[in-house]
Structure formats: structure tokens, C-alpha cells
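Asks: return a 3D structure for these sequence lines:
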Amino acid sequence: MAISYGNNNLGSLSSYRERNLYDSLSFLDRDLQAQLDLRKLHLFGKVDTKGNLMLLPKKQALLSSGIIKLVPKTDVYTFSFLMPLLNDMMDRFGKEGYLSTRGAISQNSSLASLQPKKSLVFWEDEYEKHVKSTKDAFLNFYSGRYSSKDIKNFSDYIKIFESFVSEACPYSVLTLKSFLVSRFCDPMVSGMFVEFASADASDDYEKYKTYILDSSYPKLLSDAAFNGLIVDKHVPWRFAINPNSEEMLETLKTAGYKNFQDFLKKTYVDPTALNFELFTKMVIDIYRTLTFTEPNYLSLKYVDGNPAIDIGEREEIMISNCHPLFDNLGMEKTLRLYMSVRMKEANIHITQQEFNGKAQIALNYQKTLDLRRAILYIDDLTRTPDLENTKKPTYRI
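Replies: Below you'll find the predicted structure:
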């Protein structure tokens, strides 16, 4: 049997060839063909049935509401309504389970003693790590290209932050909304998956040998389907909630949901307001980190014609309980900065005049309606990235 040897250590051409081989051969058996391809459906679990971005509440809210539970004897959190399904699968594939006692599964099988290894990953933890890497990237950008006197105050910082965004985007992302749909975000933040192994998903050979070619694997897929789950084509130990499954719809109804969309509506939240709030916090926090670690700046001055080092103290900024970025930058510039970052993340190229016009519309929404309407307008403008644009946007706030 032909087999793929693709992994992340191969060159681009070999990797491309092996990935295509895996795509053509994986689950070739007719009994294994019901599968989810997350490389094509990369927004699965990230958007609702109407295409709107969605987000789970934070960990504490999920726990207090009983929406999630800890799988016994593990550190894995999952949706409460999935627990009976997972218990059924663990019981059947356990050492003393139905399949083992009937000899339907070997104790040497990679699927024996089945147990969840990973399910819900909390987005706030993932995004916090991403923000930390963004802070580090900015500080490296600043120290590598500027001298300490180039940031004496918050206004200086914003100018350099703009330059940083222009270089980093669209290869990287800064805001929560862009992070959620990017390659940097673990798909498990949606809570719609459960993994029964901890292995390298890039190693095609091991995926074939250890899982797909395991004689018990078809039975695992069958049991998963019976419980309303569908396998991820590229991660054969990962299973997703199947919204098109009658079994899953029945499970959701038993849990008190009318249908899949009702489950999404009652469980997930719109990340719009949080996206803007976390963005403004990040901008402030980067400056505060800089002024805390390097409260002074150095500049050269001349005394009686002789050069001397002058030590200045960086500006401290006002911190409020509401929106400190508004206090230090003003409403108009804050909205312009947010729009600039969102548009550069989406790689949208427009002229300075066009940017100014759109920024004025956002400001008008804020003045005549409210801040949320202004943010929604900006987010709607940047909903679809321009994947074909090869020009770097040059507009400034």
C-alpha cells in the first residue's frame, strides 16, 4: 500500500507532493470516508451558520454556568452535553470495555483504553500568549531600528507602533478577531473538538501506521458517528461535533437546545466589543511595559561645545477604569488607529484620502449613535481580507 511520508521537516516541493498523496489516500476505504477537512473548512467552530464570528465566554463564566465540565481523571474540559457520548466511547474501548471483552479490539491497539487528551482550549489563555509575543516583537522592532530618544512620550510611541503594524501585517495579526481566524489560533478554542491522542499531526507516516491502519480504527469511526462525531481528515485522532448528524441533533435536544443554531446562539457570544477593548488594552500595555522596563531615554546634547549624554524621563500616561486609550489619544485618533490596524491585518490597500473618508464615517457613527456602531462599521469594512493585493498599505492615522 502506498503511504505518505509528509512532515514539517521536508522541503516545500516534497511537502507539497506528500500532502497531496495523503489527501488522495487518507480514508480511502469506503468505511472511512465520512470526514471533516479543516484545511478547507478552517472557519468551522469559529463562525455560526450565518457566517458571523463567534466566541465562547471566558473560563469562569463557562464553569459557573455548567456549560463545560472536567472529564474525570483528566485535565480536559469539554461541553457538558458531550460527557455521556465520551463516557460511552471510553467504556466501549476501555480495558474492561465491551470491545475488549469480546476480543473486538487488541490490547496492543493505539485505541485501547481510549481517553480524551484535549478538547476545549480557553481562548483567553491562547490570546494572552499571542499578545505577549506581539509585545516582544514590538520591543525588538523598536530596539533594533530606533534609539531610546525616539520614544519620549506616548505620541512618539504611537507613531512607531504604526510603523510596526505596517511591517508586521498581514503576516501577523494583533486583534482578537483576526487572531481567532488565523493560523496562530488553536482550533480547539471553539470547544467543538475532542482529541483522543497527543501526537504530531504533521507526520503522515505515523498517522497512517499508528491510527488509520489500526484494525480497530474503523470501529472507532463507527462509534464516533453513532455518537454524532466526525473525524478530522488530517488529524485522525481528532473528532468534531457533526451538526449534520441526526445523532448529534438528538443529543442537543436532550440537552435543551432546539437545534444546532440554537446551541450556538445560547452558548457563544459576539466578540466585537471585547475585540476593541482588548486592542486598546494591548496598545496601552505595550507602552507601559516599555516605560516600566526603560523609564528613561538617552539623548546627546552639547555643553560649551562638548558632547554630553542627557537622561530624560519618559512620559507617564493616565490610566482609567474605562478606556485609557481614549484618555491619552482621544476618540478620533483611537478609532483611526483601530481602523488602520484592522485594515492592515486584512491587507486592504486604499489611498490616504479614502482612509480619511472612512474614518470620518466611523467617527460620525460614534457621535450620532454610539461607539459600538462605529466599531461594527470598521469590522464590516475589514470582514474579508484582500488575498490578492500585493501592495503594502501606506495610509497613516
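Asks: shaky segments in the stretch 101-250 of the chain?
Replies: For the stretch 101-250 of the chain, the stretches flagged by pLDDT under 70 are 101, 103.
Asks: where do the helices sit along it?
Replies: Ranges of helices within the stretch 101-250 of the chain are 123-145, 154-168, 176-180, 204-206, 217-226, 246-254, based on DSSP state H, counting those that start in this stretch.
Asks: contacts for the last one, please.
Replies: By C-beta atoms under 8 Å, 6 or more residues apart in numbering, the surrounding residues in contact with helix 246-254 are 81-82, 84-85, 225-229, 241-243, 259-260, 262-263. Just so you know, the C-beta spots here come from the backbone N, C-alpha and C atoms, and that holds for glycine as well.
Asks: who wins for neighbours among the residues you listed?
Replies: Leu229 (27 neighbours; other C-beta atoms under 10 Å).
Asks: need the helices of the stretch 101-250 of the chain in CSV with distance to Leu290, can you?
Replies: Shown next, in CSV, are those (distance: least, C-beta to C-beta, whole Å):
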stretch, distance to Leu290
helix 123-145, 7
helix 154-168, 7
helix 176-180, 22
helix 204-206, 44
helix 217-226, 50
helix 246-254, 48
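Asks: Tyr77 contacts Leu70, doesn't it?
Replies: Yes - at 5.7 Å, Tyr77 counts as touching Leu70 under the criterion of C-beta atoms under 8 Å.
Asks: settle it for me: which of these two has more neighbours?
Replies: Using other C-beta under 10 Å as the criterion, Tyr77 and Leu70 rank with Tyr77 on top: 21 against 12.
Asks: roughly how far apart are the nearest residue to the more buried one once chain neighbours are set aside and Lys367?
Replies: Spatial nearest neighbour of Tyr77, excluding adjacent residues (C-beta to C-beta, 6 or more residues apart in numbering): Leu120 at 4.5 Å. In this view, Leu120 and Lys367 are 41 Å apart by C-beta to C-beta, to the nearest Å.
Asks: between those two, tell me which one has more neighbours.
Replies: Ranked by neighbour count (other C-beta under 10 Å), Leu120 and Lys367 place Leu120 first, with 23 against 12.
Asks: contacting residues for that one?
Replies: Leu56, Ile68, Val76, Tyr77, Thr78, Phe79, Met188, Val189, Gly191.
Asks: rerun at 7 Å
Replies: Ile68, Tyr77, Thr78, Met188, Gly191 (C-beta atoms under 7 Å, 6 or more residues apart in numbering).
Asks: can you give me the distance of the second one to Leu56?
Replies: Looking back up the chat, that one is Tyr77. 11 Å.
Asks: one more: the first one?
Replies: Between Ile68 and Leu56 the computed distance is 9 Å (C-beta to C-beta).
Asks: shared neighbours of the two, anything?
Replies: With C-beta under 7 Å, 6+ apart, Ile68 and Leu56 have common neighbours Leu62.
Asks: quick one: residues contacting the closest residue to Met331 other than its chain neighbours.
Replies: Closest residue in space to Met331, ignoring its immediate chain neighbours: Gln366 at 6.5 Å, by C-beta to C-beta, 6+ apart. Listed by C-beta under 7 Å, 6+ apart, the contact set of Gln366 reads Met331, Leu335, Ala374.
Asks: quick one: secondary structure of Gln366?
Replies: Here Gln366 is recorded as helix under DSSP: H, G, I helix; E, B strand; the rest coil.
Asks: okay, it: pLDDT?
Replies: pLDDT, Gln366: 96.
Asks: got it, and the one 5 residues further on?
Replies: At Leu371 the predicted local confidence, pLDDT, stands at 94.
Asks: that one: neighbouring residues, count only.
Replies: 18.
Asks: adding distance to Phe276, write the contacts of Leu120 out as CSV.
Replies: What follows is those, written out as CSV (distance: C-beta to C-beta, whole Å):
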residue, distance to Phe276
Ile68, 26
Tyr77, 27
Thr78, 30
Met188, 25
Gly191, 24
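Asks: among these, which pair sits farthest apart?
Replies: Ile68 and Met188 (12.6 Å; C-beta to C-beta).
Asks: those two: who's more crowded?
Replies: Just comparing Ile68 and Met188: by other C-beta under 10 Å the higher neighbour count belongs to Ile68, 23 against 19.
Asks: show me what counts as buried in stretch 279-293.
Replies: Residues of stretch 279-293 classed as buried: Phe279, Thr280, Met282, Val283, Ile284, Asp285, Ile286, Tyr287, Leu290, Thr291 (neighbour count, 16 or more other C-beta atoms under 10 Å).
Asks: so which of the helices of the stretch 101-250 of the chain is the most surrounded?
Replies: helix 176-180 (a mean of 24; mean count of other C-beta atoms under 10 Å).
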